[in-house]
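In: pasted the sequence and its predicted model underneath.
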Amino acid sequence: MLSGLKSAVFTPELRTRLFFTVGLIIVFRLGAHIPVPGVNPEVVADLIKTGALFGFIDVISGGAFKNFSVFAMSIIPYINASIIMQLLTVVIPHLERLSKEGEEGRKKIVQYTRYGTVILAFMQAIGMTAFLRGALVNPNLFNYLVVAVSLTAGTVLLMWMGERITEKGIGNGISLLIFAGIVSRVPAGGARLLEYLHAGTINILSVVALVVIALVVIAAIVAVNEGQRRIPVQYTKRVVGRKVYGGQSTHLPLRVNTAGVIPVIFASSLLIFPEQVAGWLKGNIVAEWYMQVLHWGSPLHTMIYALLVIGFTYFYTAVIMNPVDVADNIKKYGGFIPGIRPGRPTAEYISKVMSRITLAGGSFLALIAILPGFVLLATRIPNIYFGGTALLIVVGVALETMKQLEAHLLMRSYQGFIK
């Protein structure tokens, strides 16, 4: 990995991409410390200590929520808009046609997602402002609008920065911003552990247990992310002119975790929104019932969270990989799976295999997502927000970014025929 980074730094184009990515991440971290005007951040900081939900939001936003900066909502509205758009693509025929029109159709869907992000961000900003009205220095209609517009503008700026990183930098911009926010909380988490040690709240064995669990989880995440089910594919010989093509054996790699970290991010974002709404409607019977039964970390909430992660794993895997298209491509180039007839039987076989390995991958993601509760029982360390979900996002994004970096380096390692 270090040699790859060294090679990237000495490659002019990749160096430009890396500096561009790092520059926007620095802007993101600076923006996390620019407070929204008219808000007392100390009240918000006290609110974070009241529940794991706000602590999780603060981790995802890289401390911007605790400071109640212009990036306090992080990129969550964009993720919610992406979820809604992908669901609507399956339901609405017009969007389904756009998704099959190639690059132009994809651009239109991205544009619709941006509009949805602005709408959701403003709605969430209004609700967050109403919920935190006690933190407003001078609560009136004008200040409500100023705070809501500031939060919305911060989310839109993050969306733009993420898209620019994806286009002109290295890696997926949205994922890298979340990655940067989580990693930035590591020093604060380490300082909190030292405070607990000095105060006698925990002992050294708890810290050792936490480190061991983290190392085991990281190793498991790498193993599952890199795990593949290789389906053998045989290509028949074809004679084109005087040349013979095909005749070799290869394999179709099906990843155990095709969806990556997306299902966990989707499920987390989806569950954060109703709890925020319930918090805004204090005194309402339904909202009070929701906060008592389905609050963040409750048994029923944990069960729903795990099921949502598995469901989104199946959904996202089906979106990015179509067994029918894969079977048609294999058939078009004269290939077949030994023992399976080409065409529809091949698609059914691939779909069956994908369903099984996706269940394994989704179950693993769900286990990692609900890991903080078990870590708390094992270590007795309170307020652990840097749990399995954060580790999954950090490791997954790091692996994908390094793969993209290696792909760029591989493309530039060929000197070509003419020097």
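Out: Received it, and whenever you're ready, just let me know what you need. Since this is a predicted model, take the numbers as computed values, not measurements. Residues are numbered from 1 along each chain as shown.

In: what sits up against stretch 309-319?
Out: Around stretch 309-319, the neighbours that count as contacts under Cβ atoms under 8 Å, 6 or more residues apart in numbering are 86, 89, 257-259, 262-264, 266-267, 354-355, 358-359, 361-363, 365-366, 369. From N, CA and C alone the C-beta is placed, and that goes for glycine too.

In: do the same with stretch 256-267
Out: Residues lying outside stretch 256-267 but in contact with it, judged by Cβ under 8 Å, 6+ apart, are 79, 83, 175, 178, 224-225, 227-229, 305, 308-313, 315-317, 320-321, 354, 357-358, 360-362, 364-365, 368-369, 389, 392-393, 396-397, 400.

In: okay, and which of these map to helices?
Out: With helices defined by DSSP state H, the entries of the contacts of stretch 256-267 inside them are 79, 83, 175, 178, 224-225, 305, 308-313, 315-317, 320, 354, 357-358, 360-362, 364-365, 368-369, 389, 392-393, 396-397, 400.

In: buried members of those residues into ChimeraX, please.
Out: In ChimeraX syntax, the buried subset of these is picked out as below (16 or more other Cβ atoms under 10 Å):
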select :79,83,175,178,224,225,305,308,309,310,312,313,315,316,317,354,357,358,361,362,364,365,368,369,389,392,393,396,397,400
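
In: can you show me the helices along the stretch 201-350 of the chain?
Out: Taking DSSP state H, counting those that start in this stretch as the criterion, the stretch 201-350 of the chain carries its helices at 204-226, 262-280, 285-293, 299-320, 323-332, 344-369.

In: state the mean pLDDT of the last one.
Out: Yep, that's helix 344-369 we're talking about. Model confidence over helix 344-369, given as mean pLDDT, is 89.

In: other SSEs contacting that helix?
Out: helix 204-226, strand 228-235, strand 249-255, helix 262-280, helix 299-320, helix 323-332, helix 388-411 (3 or more Cβ pairs under 8 Å, 6 or more residues apart in numbering; DSSP states H and E).

In: can you check the shortest one too?
Out: Using 3+ Cβ pairs under 8 Å, 6+ apart as the contact criterion, the neighbours of helix 285-293 among helices and strands are helix 262-280.

In: quick one: the strands in the stretch 1-150 of the chain, in order.
Out: Along the stretch 1-150 of the chain, no stretch is classed among the strands by DSSP state E, counting those that start in this stretch.

In: poorly predicted segments of it, please.
Out: For the stretch 1-150 of the chain, residues meeting the criterion pLDDT under 70 lie at 1-10, 45, 47-60.

In: quick one: the helices in it?
Out: With DSSP H, counting those that start in this stretch as the definition, the stretch 1-150 of the chain shows helices at residue ranges 2-9, 12-31, 41-48, 52-60, 64-67, 76-91, 93-99, 103-131, 141-168.

In: of the ones you listed, which stretch is the most buried?
Out: helix 64-67 (a mean of 25; mean count of other Cβ atoms under 10 Å).

In: return the list of helices and strands in contact with that one.
Out: Short answer (3+ Cβ pairs under 8 Å, 6+ apart): helix 64-67 packs on helix 41-48, helix 52-60.

In: using PDB, write down the CA coordinates of that helix.
Out: Only the C-alpha atoms of helix 64-67 are listed here, as PDB (Å, rounded to 0.1, in the frame of the first residue of the first chain):
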ATOM      1  CA  ALA A  64     -19.900  18.900  13.000                       C
ATOM      2  CA  PHE A  65     -23.100  18.100  14.800                       C
ATOM      3  CA  LYS A  66     -21.500  18.600  18.300                       C
ATOM      4  CA  ASN A  67     -20.200  22.000  17.100                       C
END
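
In: run the chain-centre distance for it.
Out: Taking Cα atoms, centre = their mean, to the nearest Å, one finds the center of helix 64-67 at 20 Å from the center of the full chain.

In: please apply the same query to stretch 78-87.
Out: Average the C-alpha atoms of stretch 78-87, do the same for its chain, and the two points are 12 Å apart (Cα atoms, centre = their mean).

In: do the same with stretch 251-267
Out: Between the centre of stretch 251-267 and the centre of its chain there are 11 Å (Cα atoms, centre = their mean).

In: mind listing what's buried along it?
Out: By neighbour count, and taking 16+ other Cβ under 10 Å as the criterion, the buried residues in stretch 251-267 are 252, 254-267.

In: which of those sits closest to Ser206?
Out: Each of the buried residues of stretch 251-267 was checked against Ser206 using Cβ to Cβ; the closest is Val264, at 25.6 Å.

In: so how far is Ile79 from the closest one?
Out: 11 Å (Cβ to Cβ, to the nearest Å).

In: could you do Pro232 as well?
Out: Applying Cβ to Cβ to Pro232 and Ile79 gives a distance of 38 Å.

In: also Ala191?
Out: Using Cβ to Cβ, Ala191 is found at 29 Å from Ile79.

In: cool, and Arg185?
Out: For Arg185, the distance to Ile79 (Cβ to Cβ) stands at 19 Å.

In: so what's the closest residue to Arg97 other than its chain neighbours up against?
Out: Spatial nearest neighbour of Arg97, excluding adjacent residues (Cβ to Cβ, 6 or more residues apart in numbering): Gly105 at 7.3 Å. Gly105 makes contact with Arg97, Leu98, Ser99 under the criterion Cβ under 8 Å, 6+ apart.

In: same list (those) but as TSV, adding distance to Asn203.
Out: Supplementary listing: these in TSV, determined by distance: Cβ to Cβ, whole Å:
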residue	distance to Asn203
Arg97	61
Leu98	58
Ser99	54
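
In: flag the shaky bits of the stretch 151-300 of the chain, pLDDT-wise.
Out: Using pLDDT under 70, the stretch 151-300 of the chain drops low at 237-247, 273, 276-277, 279-283.
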